[in-house]
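Participant: my questions concern the predicted model and sequence given below.
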2 protein chains.
Amino acid sequence: MPRRADHLARRRQLADALLRLAASQGLEAVSLRHVAAEAGVSTGMVQHYFRTKDEMMLFALDVVMRNAEERIGAVIAAAGRTLSPAELVRTLMIEILPLDETRRLEGHVILAFLAYAAVKPQIADGLHRDADQLRSFVGDQIRAAQATAGTAPRIDPGHAATALLALVDGLGIQLLGRHFSPDEAVAALDAHLDLLFGAPTGR
Amino acid sequence: MPRRADHLARRRQLADALLRLAASQGLEAVSLRHVAAEAGVSTGMVQHYFRTKDEMMLFALDVVMRNAEERIGAVIAAAGRTLSPAELVRTLMIEILPLDETRRLEGHVILAFLAYAAVKPQIADGLHRDADQLRSFVGDQIRAAQATAGTAPRIDPGHAATALLALVDGLGIQLLGRHFSPDEAVAALDAHLDLLFGAPTGR
(Lines give C-alpha, C1' and ligand atoms only; values in the text may rest on other atoms or scores of the structure.)
Protein backbone atom coordinates (compact mmCIF):
# COMPACT_ATOMS: atom_id res chain seq x y z
CA MET A 1 0.00 0.00 0.00
CA PRO A 2 2.25 2.81 -1.20
CA ARG A 3 -0.27 5.55 -0.45
CA ARG A 4 -0.39 4.57 3.21
CA ALA A 5 3.44 4.34 3.29
CA ASP A 6 3.66 7.81 1.71
CA HIS A 7 1.31 9.16 4.30
CA LEU A 8 3.36 7.72 7.15
CA ALA A 9 6.66 8.96 5.68
CA ARG A 10 5.24 12.47 5.22
CA ARG A 11 3.80 12.43 8.69
CA ARG A 12 7.20 11.44 10.07
CA GLN A 13 8.90 14.25 8.09
CA LEU A 14 6.51 16.88 9.44
CA ALA A 15 6.72 15.47 12.94
CA ASP A 16 10.54 15.67 12.90
CA ALA A 17 10.42 19.28 11.68
CA LEU A 18 7.87 20.21 14.32
CA LEU A 19 9.83 18.59 17.15
CA ARG A 20 13.07 20.34 16.07
CA LEU A 21 11.34 23.74 16.04
CA ALA A 22 9.56 23.08 19.32
CA ALA A 23 12.84 22.22 21.05
CA SER A 24 14.63 25.38 19.93
CA GLN A 25 11.81 27.94 20.14
CA GLY A 26 9.13 26.45 22.31
CA LEU A 27 6.07 24.88 20.74
CA GLU A 28 3.96 27.99 21.44
CA ALA A 29 6.11 30.08 19.12
CA VAL A 30 5.87 27.67 16.17
CA SER A 31 3.46 28.41 13.31
CA LEU A 32 2.21 26.15 10.49
CA ARG A 33 4.37 28.19 8.09
CA HIS A 34 7.49 27.53 10.19
CA VAL A 35 6.84 23.80 10.08
CA ALA A 36 6.38 23.87 6.29
CA ALA A 37 9.65 25.79 5.81
CA GLU A 38 11.58 23.51 8.19
CA ALA A 39 10.25 20.36 6.50
CA GLY A 40 10.79 21.80 3.00
CA VAL A 41 7.16 21.35 1.95
CA SER A 42 4.28 23.70 1.11
CA THR A 43 1.98 25.18 3.74
CA GLY A 44 -0.85 23.38 1.91
CA MET A 45 0.84 20.05 2.53
CA VAL A 46 1.17 20.86 6.23
CA GLN A 47 -2.50 21.79 6.37
CA HIS A 48 -3.35 18.32 5.16
CA TYR A 49 -2.12 17.11 8.57
CA PHE A 50 -3.16 20.01 10.78
CA ARG A 51 -5.05 23.19 9.98
CA THR A 52 -4.94 25.17 13.18
CA LYS A 53 -2.66 25.76 16.13
CA ASP A 54 -4.80 23.43 18.25
CA GLU A 55 -4.57 20.68 15.62
CA MET A 56 -0.81 21.19 15.41
CA MET A 57 -0.46 20.80 19.18
CA LEU A 58 -2.56 17.62 19.07
CA PHE A 59 -0.51 16.29 16.14
CA ALA A 60 2.72 16.91 18.06
CA LEU A 61 1.34 15.22 21.15
CA ASP A 62 0.17 12.21 19.14
CA VAL A 63 3.62 11.84 17.54
CA VAL A 64 5.32 11.93 20.91
CA MET A 65 2.93 9.41 22.46
CA ARG A 66 3.36 6.96 19.56
CA ASN A 67 7.15 7.27 19.71
CA ALA A 68 7.12 6.42 23.40
CA GLU A 69 4.80 3.44 22.81
CA GLU A 70 7.10 2.08 20.10
CA ARG A 71 10.18 2.43 22.32
CA ILE A 72 8.48 0.74 25.26
CA GLY A 73 7.32 -2.15 23.04
CA ALA A 74 10.89 -2.59 21.74
CA VAL A 75 12.42 -2.57 25.23
CA ILE A 76 9.93 -5.15 26.52
CA ALA A 77 10.49 -7.36 23.45
CA ALA A 78 14.28 -7.07 23.89
CA ALA A 79 14.06 -8.33 27.49
CA GLY A 80 13.34 -11.79 26.03
CA ARG A 81 11.45 -12.92 29.15
CA THR A 82 8.39 -11.97 31.13
CA LEU A 83 9.18 -8.97 33.35
CA SER A 84 7.88 -8.82 36.92
CA PRO A 85 5.28 -6.10 37.62
CA ALA A 86 7.96 -3.98 39.33
CA GLU A 87 10.39 -4.37 36.43
CA LEU A 88 7.67 -3.56 33.91
CA VAL A 89 6.68 -0.39 35.77
CA ARG A 90 10.32 0.71 36.02
CA THR A 91 10.83 0.10 32.28
CA LEU A 92 7.80 2.23 31.45
CA MET A 93 8.86 5.07 33.74
CA ILE A 94 12.45 5.11 32.42
CA GLU A 95 11.22 5.32 28.82
CA ILE A 96 8.95 8.25 29.69
CA LEU A 97 11.68 10.28 31.43
CA PRO A 98 13.62 12.69 29.17
CA LEU A 99 16.99 10.97 29.77
CA ASP A 100 18.43 11.45 26.27
CA GLU A 101 18.14 14.05 23.50
CA THR A 102 15.29 12.28 21.68
CA ARG A 103 13.21 12.10 24.82
CA ARG A 104 14.17 15.68 25.75
CA LEU A 105 12.68 16.82 22.45
CA GLU A 106 9.53 14.88 23.19
CA GLY A 107 9.46 16.20 26.74
CA HIS A 108 9.56 19.79 25.49
CA VAL A 109 6.54 19.07 23.33
CA ILE A 110 4.59 17.59 26.22
CA LEU A 111 5.52 20.45 28.56
CA ALA A 112 4.52 23.05 25.97
CA PHE A 113 1.31 21.13 25.41
CA LEU A 114 0.58 21.06 29.14
CA ALA A 115 1.13 24.80 29.47
CA TYR A 116 -1.13 25.37 26.43
CA ALA A 117 -3.81 22.94 27.63
CA ALA A 118 -3.83 24.54 31.09
CA VAL A 119 -5.39 27.68 29.57
CA LYS A 120 -7.36 25.73 26.90
CA PRO A 121 -8.73 22.76 28.83
CA GLN A 122 -10.89 21.62 25.89
CA ILE A 123 -7.83 20.40 23.98
CA ALA A 124 -6.48 18.39 26.92
CA ASP A 125 -8.82 15.40 26.33
CA GLY A 126 -6.32 13.35 24.31
CA LEU A 127 -3.67 13.85 26.95
CA HIS A 128 -6.04 12.79 29.71
CA ARG A 129 -7.12 9.67 27.82
CA ASP A 130 -3.51 8.52 27.33
CA ALA A 131 -2.63 9.34 30.93
CA ASP A 132 -5.67 7.43 32.23
CA GLN A 133 -4.74 4.32 30.23
CA LEU A 134 -1.20 4.42 31.52
CA ARG A 135 -2.36 5.00 35.09
CA SER A 136 -4.78 2.12 34.90
CA PHE A 137 -2.02 -0.17 33.57
CA VAL A 138 0.44 0.93 36.29
CA GLY A 139 -2.26 0.49 38.96
CA ASP A 140 -2.80 -3.10 37.75
CA GLN A 141 0.93 -3.82 38.02
CA ILE A 142 1.07 -2.43 41.56
CA ARG A 143 -1.95 -4.57 42.49
CA ALA A 144 -0.23 -7.64 40.97
CA ALA A 145 2.98 -6.91 42.89
CA GLN A 146 1.02 -6.64 46.14
CA ALA A 147 -0.65 -9.99 45.42
CA THR A 148 2.54 -11.88 44.52
CA ALA A 149 5.39 -10.18 46.42
CA GLY A 150 4.84 -10.13 50.16
CA THR A 151 7.15 -7.12 50.50
CA ALA A 152 4.97 -4.56 48.71
CA PRO A 153 3.18 -2.27 51.22
CA ARG A 154 -0.64 -2.31 51.18
CA ILE A 155 -1.09 1.11 49.64
CA ASP A 156 -4.16 1.81 47.45
CA PRO A 157 -2.97 0.86 43.92
CA GLY A 158 -4.93 3.63 42.20
CA HIS A 159 -3.54 6.37 44.43
CA ALA A 160 -0.07 4.84 44.17
CA ALA A 161 -0.25 4.86 40.36
CA THR A 162 -1.42 8.49 40.34
CA ALA A 163 1.44 9.44 42.65
CA LEU A 164 4.06 7.53 40.64
CA LEU A 165 3.03 9.09 37.32
CA ALA A 166 2.94 12.53 38.91
CA LEU A 167 6.44 11.91 40.25
CA VAL A 168 7.71 10.97 36.79
CA ASP A 169 6.06 14.06 35.27
CA GLY A 170 7.72 16.23 37.89
CA LEU A 171 11.14 14.64 37.43
CA GLY A 172 10.74 15.03 33.68
CA ILE A 173 10.11 18.75 34.00
CA GLN A 174 13.15 19.19 36.22
CA LEU A 175 15.27 17.24 33.72
CA LEU A 176 14.06 19.49 30.90
CA GLY A 177 15.12 22.54 32.90
CA ARG A 178 18.48 20.79 33.49
CA HIS A 179 17.97 21.13 37.21
CA PHE A 180 19.08 17.52 37.75
CA SER A 181 21.36 15.12 35.98
CA PRO A 182 19.70 12.02 34.51
CA ASP A 183 21.49 9.97 37.22
CA GLU A 184 19.91 12.01 40.03
CA ALA A 185 16.45 11.67 38.50
CA VAL A 186 16.80 7.90 38.14
CA ALA A 187 18.07 7.63 41.75
CA ALA A 188 15.00 9.52 43.00
CA LEU A 189 12.72 7.33 40.88
CA ASP A 190 14.39 4.16 42.19
CA ALA A 191 14.13 5.34 45.80
CA HIS A 192 10.39 5.73 45.25
CA LEU A 193 10.02 2.37 43.47
CA ASP A 194 11.85 0.68 46.38
CA LEU A 195 9.27 2.16 48.77
CA LEU A 196 6.38 1.24 46.52
CA PHE A 197 7.39 -2.35 45.80
CA GLY A 198 9.05 -2.97 49.15
CA ALA A 199 12.30 -4.14 47.52
CA PRO A 200 14.76 -3.13 44.77
CA THR A 201 13.09 -3.63 41.37
CA GLY A 202 15.71 -5.82 39.69
CA ARG A 203 18.11 -3.37 38.06
CA MET B 1 8.51 54.62 55.39
CA PRO B 2 5.73 55.57 52.98
CA ARG B 3 7.96 55.20 49.92
CA ARG B 4 8.60 51.55 50.70
CA ALA B 5 4.89 51.02 51.35
CA ASP B 6 4.06 52.65 48.00
CA HIS B 7 6.51 50.41 46.27
CA LEU B 8 4.99 47.31 47.81
CA ALA B 9 1.42 48.39 47.05
CA ARG B 10 2.33 49.11 43.42
CA ARG B 11 4.14 45.85 43.16
CA ARG B 12 1.07 44.03 44.46
CA GLN B 13 -1.17 45.88 41.96
CA LEU B 14 1.03 44.89 39.02
CA ALA B 15 1.42 41.34 40.30
CA ASP B 16 -2.37 40.93 40.56
CA ALA B 17 -2.84 42.24 37.02
CA LEU B 18 -0.13 39.97 35.69
CA LEU B 19 -1.53 36.88 37.42
CA ARG B 20 -5.06 37.59 36.13
CA LEU B 21 -3.79 37.91 32.54
CA ALA B 22 -1.56 34.85 32.85
CA ALA B 23 -4.49 32.74 34.02
CA SER B 24 -6.78 33.69 31.15
CA GLN B 25 -4.29 33.87 28.26
CA GLY B 26 -1.19 32.02 29.34
CA LEU B 27 1.84 33.92 30.58
CA GLU B 28 3.62 33.55 27.24
CA ALA B 29 0.96 35.62 25.50
CA VAL B 30 1.13 38.53 27.98
CA SER B 31 3.05 41.70 27.06
CA LEU B 32 4.22 44.59 29.26
CA ARG B 33 1.57 46.75 27.58
CA HIS B 34 -1.16 44.27 28.54
CA VAL B 35 -0.08 44.39 32.16
CA ALA B 36 -0.08 48.19 32.18
CA ALA B 37 -3.60 48.30 30.69
CA GLU B 38 -4.93 45.64 33.08
CA ALA B 39 -3.43 47.42 36.12
CA GLY B 40 -4.57 50.86 34.89
CA VAL B 41 -1.07 52.36 34.94
CA SER B 42 1.38 53.58 32.31
CA THR B 43 3.77 51.29 30.46
CA GLY B 44 6.58 53.39 31.97
CA MET B 45 5.40 52.50 35.47
CA VAL B 46 5.41 48.80 34.55
CA GLN B 47 8.94 49.15 33.19
CA HIS B 48 10.05 50.38 36.58
CA TYR B 49 9.41 46.81 37.79
CA PHE B 50 10.34 44.81 34.70
CA ARG B 51 11.70 45.93 31.35
CA THR B 52 11.73 42.78 29.27
CA LYS B 53 9.75 39.58 28.84
CA ASP B 54 12.42 37.69 30.82
CA GLU B 55 12.20 40.20 33.67
CA MET B 56 8.41 39.98 33.63
CA MET B 57 8.58 36.19 33.92
CA LEU B 58 11.03 36.48 36.82
CA PHE B 59 8.83 39.11 38.50
CA ALA B 60 5.79 36.82 38.20
CA LEU B 61 7.73 33.88 39.58
CA ASP B 62 9.01 35.94 42.50
CA VAL B 63 5.49 37.13 43.37
CA VAL B 64 4.19 33.56 43.34
CA MET B 65 7.04 32.27 45.50
CA ARG B 66 6.57 35.04 48.09
CA ASN B 67 2.81 34.44 48.20
CA ALA B 68 3.39 30.76 48.92
CA GLU B 69 5.97 31.56 51.61
CA GLU B 70 3.53 33.94 53.33
CA ARG B 71 0.74 31.37 53.27
CA ILE B 72 2.96 28.63 54.64
CA GLY B 73 4.19 30.90 57.44
CA ALA B 74 0.58 31.75 58.35
CA VAL B 75 -0.52 28.10 58.41
CA ILE B 76 2.41 27.08 60.61
CA ALA B 77 1.75 30.00 62.98
CA ALA B 78 -1.96 29.09 63.15
CA ALA B 79 -1.16 25.53 64.23
CA GLY B 80 -0.20 27.00 67.62
CA ARG B 81 2.18 24.12 68.40
CA THR B 82 5.33 22.54 67.02
CA LEU B 83 4.46 20.31 64.07
CA SER B 84 6.13 16.93 63.63
CA PRO B 85 8.45 16.62 60.60
CA ALA B 86 5.77 14.62 58.75
CA GLU B 87 3.05 17.20 59.54
CA LEU B 88 5.34 20.05 58.50
CA VAL B 89 6.15 18.40 55.18
CA ARG B 90 2.46 17.72 54.49
CA THR B 91 1.58 21.36 55.30
CA LEU B 92 4.20 22.60 52.85
CA MET B 93 3.09 20.26 50.09
CA ILE B 94 -0.61 21.12 50.53
CA GLU B 95 0.14 24.85 50.30
CA ILE B 96 2.12 24.33 47.08
CA LEU B 97 -0.60 22.30 45.34
CA PRO B 98 -3.10 24.36 43.25
CA LEU B 99 -6.12 23.31 45.32
CA ASP B 100 -8.02 26.62 45.16
CA GLU B 101 -8.40 29.46 42.65
CA THR B 102 -5.58 31.58 44.14
CA ARG B 103 -3.14 28.71 43.95
CA ARG B 104 -4.40 27.75 40.47
CA LEU B 105 -3.48 31.23 39.30
CA GLU B 106 -0.04 30.84 40.82
CA GLY B 107 0.29 27.36 39.37
CA HIS B 108 -0.41 28.68 35.88
CA VAL B 109 2.41 31.16 36.32
CA ILE B 110 4.85 28.50 37.44
CA LEU B 111 3.87 26.13 34.64
CA ALA B 112 4.23 28.88 32.03
CA PHE B 113 7.56 29.80 33.57
CA LEU B 114 8.73 26.17 33.42
CA ALA B 115 7.76 25.86 29.76
CA TYR B 116 9.55 29.16 29.05
CA ALA B 117 12.65 28.25 31.09
CA ALA B 118 12.88 24.85 29.37
CA VAL B 119 13.84 26.62 26.13
CA LYS B 120 15.71 29.47 27.92
CA PRO B 121 17.66 27.67 30.65
CA GLN B 122 19.58 30.82 31.61
CA ILE B 123 16.48 32.32 33.26
CA ALA B 124 15.76 29.19 35.30
CA ASP B 125 18.35 29.99 37.99
CA GLY B 126 15.90 31.66 40.40
CA LEU B 127 13.54 28.73 40.13
CA HIS B 128 16.34 26.25 40.81
CA ARG B 129 17.56 28.20 43.82
CA ASP B 130 14.09 28.22 45.42
CA ALA B 131 13.56 24.55 44.59
CA ASP B 132 16.94 23.59 46.07
CA GLN B 133 16.18 25.40 49.33
CA LEU B 134 12.82 23.70 49.61
CA ARG B 135 14.31 20.31 48.76
CA SER B 136 17.03 20.72 51.34
CA PHE B 137 14.44 21.66 53.99
CA VAL B 138 12.21 18.68 53.10
CA GLY B 139 15.23 16.37 53.12
CA ASP B 140 16.07 17.55 56.65
CA GLN B 141 12.51 16.81 57.81
CA ILE B 142 12.61 13.31 56.31
CA ARG B 143 15.96 12.71 58.04
CA ALA B 144 14.47 13.95 61.34
CA ALA B 145 11.45 11.65 60.94
CA GLN B 146 13.72 8.67 60.32
CA ALA B 147 15.70 9.54 63.46
CA THR B 148 12.68 9.98 65.74
CA ALA B 149 9.89 7.78 64.33
CA GLY B 150 10.88 4.13 64.10
CA THR B 151 8.27 3.58 61.37
CA ALA B 152 9.89 5.70 58.63
CA PRO B 153 11.66 3.46 56.06
CA ARG B 154 15.43 3.97 55.65
CA ILE B 155 15.27 5.64 52.24
CA ASP B 156 17.95 8.18 51.26
CA PRO B 157 16.48 11.52 52.49
CA GLY B 158 17.88 13.52 49.55
CA HIS B 159 16.42 11.21 46.93
CA ALA B 160 13.17 11.01 48.88
CA ALA B 161 12.90 14.82 48.97
CA THR B 162 13.60 15.06 45.23
CA ALA B 163 10.94 12.43 44.55
CA LEU B 164 8.35 14.06 46.83
CA LEU B 165 8.78 17.51 45.26
CA ALA B 166 8.63 16.01 41.79
CA LEU B 167 5.41 14.25 42.78
CA VAL B 168 3.86 17.51 43.98
CA ASP B 169 4.93 19.28 40.77
CA GLY B 170 3.35 16.50 38.72
CA LEU B 171 0.11 16.52 40.74
CA GLY B 172 0.02 20.29 40.42
CA ILE B 173 0.20 20.13 36.64
CA GLN B 174 -2.57 17.57 36.49
CA LEU B 175 -4.72 19.74 38.77
CA LEU B 176 -4.16 22.75 36.51
CA GLY B 177 -5.32 20.68 33.53
CA ARG B 178 -8.35 19.67 35.64
CA HIS B 179 -7.45 16.04 35.10
CA PHE B 180 -8.02 15.31 38.79
CA SER B 181 -10.18 16.72 41.50
CA PRO B 182 -8.35 18.31 44.44
CA ASP B 183 -9.53 15.36 46.58
CA GLU B 184 -7.89 12.81 44.28
CA ALA B 185 -4.63 14.75 44.26
CA VAL B 186 -4.56 14.98 48.05
CA ALA B 187 -5.34 11.24 48.34
CA ALA B 188 -2.39 10.42 46.05
CA LEU B 189 -0.13 12.76 48.05
CA ASP B 190 -1.24 11.18 51.33
CA ALA B 191 -0.69 7.65 49.99
CA HIS B 192 2.88 8.67 49.19
CA LEU B 193 3.44 10.41 52.53
CA ASP B 194 2.19 7.27 54.32
CA LEU B 195 4.84 5.23 52.47
CA LEU B 196 7.52 7.82 53.11
CA PHE B 197 6.89 8.32 56.81
CA GLY B 198 5.72 4.78 57.51
CA ALA B 199 2.48 6.01 59.13
CA PRO B 200 -0.41 8.45 58.54
CA THR B 201 0.89 12.01 58.97
CA GLY B 202 -1.66 13.30 61.45
CA ARG B 203 -4.49 14.66 59.33
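Facilitator: Thanks, I have the structure now.

Participant: nearest residue to the middle of chain A?
Facilitator: residue A:96 (4.7 Å; CA atoms, centre = their mean).

Participant: tell me the contacts of it?
Facilitator: Counting by CB atoms under 8 Å, 6 or more residues apart in numbering or on different chains, residue A:96 touches A:68, A:103, A:168, A:172. Glycine gets a C-beta too; all of them are placed from N, C-alpha and C.

Participant: lowest-confidence entry in the residues you listed?
Facilitator: Least confident by pLDDT among the contacts of residue A:96: that is residue A:68, with 85.

Participant: next, count neighbours for that residue.
Facilitator: Close neighbours of residue A:68, defined as other CB atoms under 10 Å in any protein chain shown, add up to 18.

Participant: surely it is in contact with residue A:106?
Facilitator: Yes: counting by CB atoms under 8 Å, residue A:106 is a contact partner of residue A:68 at 6.9 Å.

Participant: how about the helices in chain A?
Facilitator: Listed in chain order, the helices of chain A (DSSP state H) span A:2-25, A:32-39, A:43-49, A:53-79, A:85-96, A:101-119, A:125-148, A:157-176, A:182-197.

Participant: do the second one and chain B meet?
Facilitator: No: contact check for helix A:32-39 against chain B, using CB under 8 Å from any CB of the partner chain: none in range, with a minimum separation of 14.3 Å.

Participant: could you list the buried residues of that helix?
Facilitator: A:32, A:34-36, A:38-39 (16 or more other CB atoms under 10 Å in any protein chain shown).

Participant: what sits against residue A:25?
Facilitator: The contact partners of residue A:25, by CB under 8 Å, 6+ apart, come to residue B:119.

Participant: again, only using 10 Å
Facilitator: Counting by CB atoms under 10 Å, 6 or more residues apart in numbering or on different chains, residue A:25 touches A:34, A:108, A:112, B:119.

Participant: same thing with residue A:68?
Facilitator: By CB under 10 Å, 6+ apart, the neighbours of residue A:68 are A:92, A:95-96, A:103, A:106, A:110, A:130, A:134.

Participant: can you redo those residues as CSV with distance to residue A:25?
Facilitator: As requested, the contacts of residue A:68 are exported to CSV (distance: CB to CB, whole Å):
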residue, distance to residue A:25
A:92, 30
A:95, 26
A:96, 24
A:103, 19
A:106, 16
A:110, 16
A:130, 25
A:134, 28
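
Participant: one step back: which one of the buried residues of helix A:32-39 is nearest chain B?
Facilitator: Comparing those against chain B with CB to the nearest CB picks out residue A:34 as the nearest, at 14.3 Å.

Participant: the closest one contacts residue A:21, correct?
Facilitator: Yes: checked against CB atoms under 10 Å, the pair residue A:34 and residue A:21 is within contact range at 5.6 Å.

Participant: out of the contacts of residue A:96, who's nearest chain B?
Facilitator: Here the nearest of the contacts of residue A:96 to chain B, counting by CB to the nearest CB, is residue A:168; it sits at 6.9 Å.

Participant: grab the nearest non-local neighbour of residue A:182.
Facilitator: Nearest non-adjacent residue to residue A:182, counting by CB to CB, 6 or more residues apart in numbering or on different chains: residue A:99, 4.5 Å away.

Participant: the one you found contacts residue A:176, correct?
Facilitator: No: because the distance of 11.1 Å does not satisfy CB under 10 Å, residue A:99 is recorded as not touching residue A:176.

Participant: between these two, tell me which one has more neighbours.
Facilitator: Between residue A:99 and residue A:176, counted using other CB under 10 Å, residue A:176 has the larger neighbour count: 23 against 19.

Participant: make a markdown table out of the contacts of residue A:96 and add distance to residue A:14.
Facilitator: As requested, those are arranged in a markdown table below (distance: CB to CB, whole Å):
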| residue | distance to residue A:14 |
| --- | --- |
| A:68 | 18 |
| A:103 | 20 |
| A:168 | 28 |
| A:172 | 24 |
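
Participant: the domain parsing of chain A - what is it?
Facilitator: Listed domain ranges for chain A are A:1-51, A:53-197 (source: automatic domain parsing).

Participant: comparing those, which comes out most buried?
Facilitator: Among those, the stretch with the highest mean neighbour count (mean count of other CB atoms under 10 Å in any protein chain shown) is domain A:53-197, at a mean of 19.

Participant: what's the first-to-last distance across that domain?
Facilitator: Separation of the first and last residues of domain A:53-197 by CA to CA, to the nearest Å is 42 Å.

Participant: tell me the phi and psi of the nearest residue to residue A:128 once chain neighbours are set aside?
Facilitator: The shortest distance from residue A:128 to any residue other than its chain neighbours is 5.1 Å, reached at residue B:179 (CB to CB, 6+ apart). Torsion angles at residue B:179 (phi, psi; degrees, to the nearest 10) stand at phi -80, psi -30.

Participant: residue B:179 and residue A:132 touch, don't they?
Facilitator: Yes: taking CB under 10 Å as the definition, residue B:179 is a contact partner of residue A:132 at 8.3 Å.

Participant: any regions of chain A where pLDDT drops low?
Facilitator: In the predicted model of chain A, residues A:1-2, A:149-152, A:199-203 satisfy pLDDT under 70.

Participant: enumerate every residue touching residue A:160.
Facilitator: With CB under 10 Å, 6+ apart as the criterion, the residues that contact residue A:160 are A:138-139, A:141-143, A:145-146, A:152-153, A:192, A:195-197, B:188, B:191-192, B:195.
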